[in-house]
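# Quick one, structure for this:
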Amino acid sequence: MGYEKETALSAIDMLSGRFLILRAGIGAVVMYLPFVALGKLFFSKDILDFLTIVPIFYSALCTMVLYFICSYLTEKKSTAIFVTLLIAVASLMWPYSGIGMEYQAMLSLSLLLLSLLSWRKALIAKSSAEPV
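Sure, this is the predicted structure:
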């Protein structure tokens, strides 16, 4: 928990009213804030141990977003599940969930792609519904 420990400590400080972000960046610290709030409520003594779940949670969330992306692109549930599992197992998604770092960019880019695909689908549906 080297780099991630610094991020977790920065998030704990931010929720306590202090602003100290060293290498982490504001995006990573903000992603930790809901977990710091939960940790302070339920795990006040071992909050750093609880915060080790954050990279794993966001990597799992990214896997869900990848499933929705694949289902938009393939429109077949079985293909979407297979491709999502293939990406999750064969890429560096899960090793990074153990050491942290890249889940912020991975989740952000996945959400951006999902929103663009959703927007495209809505535009196509709107254009096909309008009379020519």
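# Low-confidence bits of this protein, can you list those?
1-2, 93-101, 132 (pLDDT under 70).
# which helix is the longest one in it?
Counting residues, the longest helix found in the chain (DSSP state H) is helix 103-129.
# ok, S108 to S59 distance?
Distance, S108 to S59, by CB to CB, to the nearest Å: 13 Å. In this view, the C-beta of every residue, glycine as well, is placed from N, C-alpha and C.
# Those two: which has the busier surroundings?
S59 (21 against 13; other CB atoms under 10 Å).
# secondary structure class for that one?
Classification of S59 using DSSP: H, G, I helix; E, B strand; the rest coil returns helix.
# ok, it to T84 distance?
From S59 to T84 the distance is 13 Å (CB to CB).
# Overlap of the contact sets of those two?
Common contact partners of S59 and T84 (CB atoms under 8 Å, 6 or more residues apart in numbering): none.
# Can you report how many residues lie near I56?
I56, neighbours per other CB under 10 Å, totals 14.
# can you check S127 too?
Neighbours of S127 under the rule other CB under 10 Å: 9.
# What are the boundaries of the strands in the protein?
Taking DSSP state E as the criterion, the chain contains no strands.
# show me where it has helices.
Going by DSSP H, the chain shows helices at 2-15, 26-42, 47-50, 53-74, 77-90, 93-99, 103-129.
# Now do the contacts for L22.
Residues near L22 by CB under 8 Å, 6+ apart: 6, 10.
# Look up phi and psi at it.
Note on L22: its backbone torsions stand at phi -90, psi -90 [degrees, to the nearest 10].
# Would you mind measuring from it to E102?
For L22, the distance to E102 - CB to CB - is 18 Å.
# got it, and L86?
Applying CB to CB to L86 and E102 gives a distance of 19 Å.
# before we move on, what about F43?
Going from F43 to E102 by CB to CB gives 26 Å.
# which of the two has more neighbours?
Higher neighbour count among F43 and E102: E102, with 17 against 14, using other CB under 10 Å.
# Tell me the buried residues in the longest helix of the chain?
103-104, 106-107, 110, 113-114 (16 or more other CB atoms under 10 Å).
# Check the offset of that helix from the chain's centre.
16 Å (CA atoms, centre = their mean, to the nearest Å).
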